[in-house]
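> missing the sequence, but the structure's below:
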């Protein structure tokens, strides 16, 4: 893409283990994309995390105020802590011509779709559900009962992703390089259309 290519908000969702993070980072590298820095009420780990780089660490009152002022594109409660996407930095990067990548769940995708109709939304799927089951087992992190629970959640998430009407494109990650190329082509086509019809 040329430097004149317009900015774009890209939402990537999909079940755990489907490869969405790898695809998102490949798009960042290929297209000069940028990840948004989330706001969270989770405590900072000072040894591993830098405020403003890894997350914007805030307290509950600051997070409440950001919601009330309409400063978050989306937010969610995850295991007792809240996470959200600040609207201002995202809009600044889009205005500067960047592809801004949000790797978020379906609920976040719904909120972004409501706030930004111009966002491009992708849902990553495995070739077949059993691929995810095998990946969960290969991680060797959980017992079989927990793996089955995670797999059931992934199946529910895939069904909701396909039924909710939020996602523009469904990408089957059966070959990683092909999936990355497909996502790249979709983004470049969208930006070319936007450039010709500003």
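Yes, it's here. All of these numbers come straight from a predicted model, not from anything done at the bench.

> for the chain, what spans make up the strands?
Along the chain, counting by DSSP state E, strands occupy 8-13, 34-35, 39-40, 56-57, 72-78, 81-86, 99-103, 120-125, 169-172.

> close enough to count as contact, residue 109 and residue 14?
No. Using Cβ atoms under 8 Å, residue 109 is not in contact with residue 14, being 10.2 Å away. Glycine gets a C-beta too; all of them are placed from N, C-alpha and C.

> Looking at those two, which has the bigger crowd around it?
residue 14 (27 against 23; other Cβ atoms under 10 Å).

> Low-confidence regions, the chain specifically.
Residues of the chain meeting the criterion pLDDT under 70: 1-3, 198.

> repeat that for 90
The chain contains residues with pLDDT under 90 at 1-5, 16-17, 46, 78-80, 129-131, 134-136, 138-142, 150, 196-198.

> now stretch 174-184, how far from the centre of its chain.
16 Å (Cα atoms, centre = their mean, to the nearest Å).

> Touching that stretch from outside, list them.
Outside stretch 174-184, the residues that touch it by Cβ atoms under 8 Å, 6 or more residues apart in numbering are 19, 22-23, 26-27, 30-31, 122, 124, 126-127, 171-173.

> CSV please, covering the strands of the chain and showing distance to residue 191 and mean neighbour count.
Output for the strands of the chain, formatted as CSV (distance: least, Cβ to Cβ, whole Å; neighbours: other Cβ atoms under 10 Å):
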stretch, distance to residue 191, mean neighbour count
strand 8-13, 6, 24
strand 34-35, 15, 15
strand 39-40, 27, 20
strand 56-57, 28, 18
strand 72-78, 20, 18
strand 81-86, 21, 20
strand 99-103, 8, 23
strand 120-125, 9, 22
strand 169-172, 14, 16
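
> Of those strands, which is nearest residue 143?
Residue 143 lies closest, by Cβ to Cβ, to one member of these: strand 72-78, at 22.6 Å.

> Now for the contacts of stretch 174-184: which two are most distant?
31 and 127 (25.1 Å).

> These two: which is more packed in?
Set residue 31 next to residue 127 and count neighbours by other Cβ under 10 Å: residue 31 wins out with 20 against 11.

> For residue 28, give its distance to residue 112.
18 Å (Cβ to Cβ, to the nearest Å).
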